[in-house]
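Chemist: Could you work out the structure for the sequence below:
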Amino acid sequence: MPLTAEQISTEVKRSIDKLIAKPGALLPILHDIQETLGYIPPDSVPQIAKALNQSSAEIHGVITFYHQFRTHPVGKHNVEICRAEACQAMGSRTLERHAKESLGIDYHQTTGDGAIFLEPVYCLGNCACSPSVRIGDRVHARVTPDRFDALMEELRTDKLEVLNG
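Modeler: This is a model prediction of the structure:
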């Protein structure tokens, strides 16, 4: 069940209160909000700006500058497929076509059951073991379409250990 505007505001305030005294507090606050809510609600920007004595434009600029920040709800699990050259040379284009087809979504979309959000990334630093996929904070190496399907099944049945920050 989605949170109400009041619940979202309360969570944003909690993140601000917890981290406002930290030097350079904006990024830690944004990360904490996203970790808590799964995204940074656009309606929270004025609240953050006021607390940090900055303009909403400044906060919005930071959120849109960093590709890691999302401004809309996403799936429970973030699945990233590497699209860098080494992974492409080892079959990531085939893997990404398979992933999109098997999940029934494109990049930057969430599956209908809300379980999986699919994103492209441009290097996971695992070039020797391409193609690579990251789920949460864990990188999986030499992922074939069959291995991808097995990982997605494990995710959906909560059998895959997912590390998050």
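Chemist: Quick check, central residue of this structure?
Modeler: Centroid-nearest residue in the chain, with Cα atoms, centre = their mean: Asn78, separated by 5.1 Å.
Chemist: Send me stretch 49-62 as CSV with only the CA atoms.
Modeler: Extracted in CSV, the C-alpha atoms of stretch 49-62 (Å, rounded to 0.1, in the frame of the first residue of the first chain):
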residue,chain,number,x,y,z
ALA,A,49,15.5,22.9,0.5
LYS,A,50,14.0,24.8,3.4
ALA,A,51,15.8,22.6,6.0
LEU,A,52,19.2,23.2,4.2
ASN,A,53,18.5,26.9,3.4
GLN,A,54,18.9,26.2,-0.3
SER,A,55,16.5,26.8,-3.2
SER,A,56,14.3,24.0,-4.6
ALA,A,57,16.2,24.5,-7.9
GLU,A,58,19.5,23.7,-6.2
ILE,A,59,18.1,20.5,-4.7
HIS,A,60,16.4,19.5,-8.0
GLY,A,61,19.6,20.1,-9.8
VAL,A,62,21.5,17.7,-7.6
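Chemist: circling back to that earlier point, which non-adjacent residue is nearest the residue nearest to the centre of the chain?
Modeler: Nearest residue to Asn78 in three dimensions, chain neighbours excluded: Phe117, at 5.1 Å (Cβ to Cβ, 6 or more residues apart in numbering). No exception for glycine: its C-beta is placed from N, CA and C like everyone else's.
Chemist: My understanding was that the one you found contacts Leu103; is that so?
Modeler: No - between Phe117 and Leu103 there is no contact under Cβ atoms under 8 Å: 9.9 Å.
Chemist: Next up, identify which helix or strand the residue nearest to Asn78 is on.
Modeler: Per DSSP states H and E: Phe117 is located in strand 116-121.
Chemist: Averaged pLDDT, the helix or strand following that strand. What do you get?
Modeler: Using DSSP H and E, the helix or strand that follows strand 116-121 in sequence is strand 133-135. Strand 133-135 shows a mean pLDDT of 95.
Chemist: As a check, name the ranges of all strands in this structure.
Modeler: Along the chain, counting by DSSP state E, strands occupy 77-82, 109-110, 116-121, 133-135, 138-140.
Chemist: Including distance to Ala25, could those strands go into a markdown table?
Modeler: Formatted as a markdown table, the strands of the chain follow (distance: least, Cβ to Cβ, whole Å):
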| stretch | distance to Ala25 |
| --- | --- |
| strand 77-82 | 24 |
| strand 109-110 | 30 |
| strand 116-121 | 27 |
| strand 133-135 | 27 |
| strand 138-140 | 29 |
